[in-house]
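Engineer: pasting the structure only:
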């Protein structure tokens, strides 16, 4: 079934239980889908753009209100929308990091965080994770000291993931931020797996920057994201243009340099705004999401040899499983090899796990109903039994 | 009528003839709208992402094929999709311009081009437009020489608009590029008002970079755009990551630094691809678009005192009118003042002209049918007559 020449109609989330780790909390709400249809044309949001001609001043659709609501909701002073979290990273490194200067990154950071340093020719220095895959304040302090010894000054910025993409583990943001601030290092809170799914208050956490992803965790179309900061850093990172034409004398009003003027038009911004009431509500029900998730991890743990590679008990809906002593044993003799698992899941209407992988694999149950997680839990157990694994 | 809490359902292009200069060629095709609905979730295009895990290698939807088709169609070697033309500008300045280095800009450039220099702390030096608002090769040569005298070396990059946003005038890209290349200055062809509406061949024009806008001229959702370049400059501007973790040793495969990895997911990229067959077809009918446009400009010129501020005869569908001796005379005594014009147009189902402005104003008829432009032409004459202006 094609929706346009050569393009299949995607029906993944209409037809399946989708466990894809990055897709779970980004699925559009019905409100966002309606907004995307109504505001799909790119410059749609410019219909009512008046002086001073900047996106975040537009009142129809209510982009201006969204910005102030967003700042308040994140416990920060000022906000900006960006075409993806990575563009927020780039905006911050672009403002704070010069060529050859060090940035503190955790060893569990997302590749886009590393690339946001590389793109400004900065240097990455890592805080190594503990053997159980956590970033701690003590290790952060040691590594900051090492950077000071190496460069003669403190890192220009510190990235910390609230919850990392590898294990879905929670890290000691507050403790790390406290250490960083002792050295006057600004802290960028990477909330792409928290903002939009659980309550986040940037100032309480000690964040100078809070970054969230619209398409990862705020039920918004891609590319979309948010950057919230303090008044102090807004002056630098959200600075307005100063450039002027040397011949024409042209100037460009209050356009923001770091984001190249207006940042996010059309479907992504209107979708983000349309989903926002549902998102604000859903973060209050994070406990239910985790409870649902545990129904599935409990079922998986009942399968002989199965372990959880992530921290335990689970506090997030994104988990890395270790089935090298269960499903992977099956894979060794199964005629479909490692693909038996994704294939058996597919037969049951379940998708989103990397096909062919049976040693360590990730899944995310965010947004599934109780009925769905119970079905899912049963499906994993069924597949295990079908393949001769014992259930505890 | 609301499509979500607090968000009106936009019906501008369903209900009106829309003359908005930036919106005309960005309206989604029916194919793009269907694709946006089917692929609206942000990470939808990641369903079938396999090694080497980069957007432009994805074959379902056909993103890989789109990239090679696009390069060929633009007469260039390699292409990338970007979240808006401004991000292509930034990617090029980020690769080629260091702090304090000069970039040649035309005095008619878009503000985002200026900001793309400011964001890398570069310096802008302008080629002034002629009194009739054109950028010429001679002036370019003079100004390049002036930069060499001032800085001791040639500008690092030269931006040239194929058609500028102020007047919709065509500029001597070929001539300017030839001059620039005599000084080994790479040339960025800003095709946001050409790529997607008329035939463009970058190599024939002497462009090292061709930038187009998806939401301005390729019937694609925002933010979207394209950057095409030569093999020579691809090595620099589309370079792949080299950074690695100092503790973990992590590396990030073939992700591209300038665009921070994967650039454009979900609705914008799939919409861009879905519209592409229609876009490739429509550029062959540019003459018809200009002929339609002239029906309207002829009607406007028949109104006593009315002039065209843009070059004449018109070669583009975006035109700046000068009605300071016609509609503006009416405005001086009309009870609605300058708003009489937009108001009279609105009564006739016509929108997109800046409300309240009657001296100089821009409009774009791209995509209107013959029937619509005839109606529009009649409407302008009607409004003039209604307000006591003579028709020649």
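Structural biologist: Okay, I see it. This one's a predicted model, so the numbers in the text were calculated from it and none came from an experiment.

Engineer: tell me the mean pLDDT over the one helix or strand residue A:80 maps to?
Structural biologist: Element membership for residue A:80 (DSSP states H and E) is strand A:78-82. Strand A:78-82 shows a mean pLDDT of 98.

Engineer: Excluding sequence neighbours, find me the nearest residue to residue A:64.
Structural biologist: Of all residues not flanking residue A:64 in the chain, residue A:57 sits nearest, at 5.6 Å (Cβ to Cβ, 6 or more residues apart in numbering or on different chains). Just so you know, the C-beta spots here come from the backbone N, C-alpha and C atoms, and that holds for glycine as well.

Engineer: Leaving out chain neighbours, which residue sits closest to the closest residue to chain B within the stretch 101-250 of chain A?
Structural biologist: Nearest to chain B, among the residues of the stretch 101-250 of chain A, is residue A:215, at 2.4 Å (Cβ to the nearest Cβ). Residue nearest to residue A:215 in three dimensions, not counting chain neighbours: residue B:42, with 2.4 Å by Cβ to Cβ, 6+ apart.

Engineer: That neighbour against residue B:269, yeah?
Structural biologist: No. Judged on Cβ atoms under 8 Å, residue B:42 makes no contact with residue B:269 at a distance of 10.7 Å.

Engineer: Could you chop chain A up by domain?
Structural biologist: A:2-22+A:284-386, A:27-282 (automatic domain parsing).

Engineer: how about the helices of the stretch 1-150 of chain A, start to end?
Structural biologist: In the stretch 1-150 of chain A, the segments counted as helices under DSSP state H, counting those that start in this stretch are A:12-15, A:30-38, A:63-73, A:85-96, A:111-118, A:137-151.

Engineer: next one: the first one to chain centre, how far?
Structural biologist: It stands for helix A:12-15. Centroid displacement of helix A:12-15 relative to its chain, using Cα atoms, centre = their mean, to the nearest Å, is 22 Å.

Engineer: List of residues touching it?
Structural biologist: A:18, A:23, A:27, A:349, A:351, B:41, B:44, B:47 (Cβ atoms under 8 Å, 6 or more residues apart in numbering or on different chains).

Engineer: Against residue A:27, how distant is the first one?
Structural biologist: Meaning residue A:18. Counting by Cβ to Cβ, to the nearest Å, the separation of residue A:18 from residue A:27 is 8 Å.

Engineer: same deal with the fifth one?
Structural biologist: According to Cβ to Cβ, residue A:351 stands 13 Å off from residue A:27.

Engineer: Identify the residue nearest the residue nearest the centre of chain A in space, chain neighbours excluded?
Structural biologist: Central residue check for chain A by Cα atoms, centre = their mean: the C-alpha nearest the mean position is that of residue A:192, 2.1 Å away. What sits nearest to residue A:192 in space, not counting adjacent residues and going by Cβ to Cβ, 6+ apart, is residue A:213, at 4.1 Å.

Engineer: Can you give me the neighbour number for the one you found?
Structural biologist: Using other Cβ atoms under 10 Å in any protein chain shown, the number of residues around residue A:213 comes to 31.

Engineer: Tell me which helix or strand the residue with the largest distance to the centre of chain A sits in.
Structural biologist: What lies farthest from the middle of chain A is residue A:247; by Cα atoms, centre = their mean that is 44.1 Å. Residue A:247 is part of no helix or strand, with elements assigned from DSSP H and E.

Engineer: With the flanking residues excluded, which residue is spatially nearest to it?
Structural biologist: residue B:126 (4.2 Å).

Engineer: In this structure that neighbour contacts residue B:143, no?
Structural biologist: Yes. With contact defined as Cβ under 8 Å, residue B:126 reaches residue B:143; the gap is 7.2 Å.

Engineer: Need the residues touching each of the two.
Structural biologist: With Cβ under 8 Å, 6+ apart, residue B:126 and residue B:143 have common neighbours residue B:104.

Engineer: Dihedrals phi and psi, residue A:315?
Structural biologist: When read as degrees, to the nearest 10, the backbone of residue A:315 gives phi -120, psi 0.

Engineer: if I pick it, what's in contact with it?
Structural biologist: Counting by Cβ under 8 Å, 6+ apart, residue A:315 makes contact with A:170, A:290.

Engineer: what's the answer for residue A:107, then?
Structural biologist: A:126, A:127, A:128, A:129, A:135, B:245, B:247, B:248, B:250 are the contacts of residue A:107 under Cβ under 8 Å, 6+ apart.

Engineer: The third one: neighbouring residues, count only.
Structural biologist: Going back to what we said before, that points to residue A:128. Neighbour tally, residue A:128, other Cβ under 10 Å: 17.

Engineer: so it makes contact with residue B:248?
Structural biologist: Yes. Counting by Cβ under 8 Å, residue A:128 does reach residue B:248; the two are 6.8 Å apart.

Engineer: ok, the residue in the stretch 1-150 of chain A positioned nearest to chain B to residue B:292 distance?
Structural biologist: Using Cβ to the nearest Cβ, the closest approach of the stretch 1-150 of chain A to chain B is made by residue A:42 at 2.4 Å. With distances taken as Cβ to Cβ, residue A:42 is found 22 Å from residue B:292.
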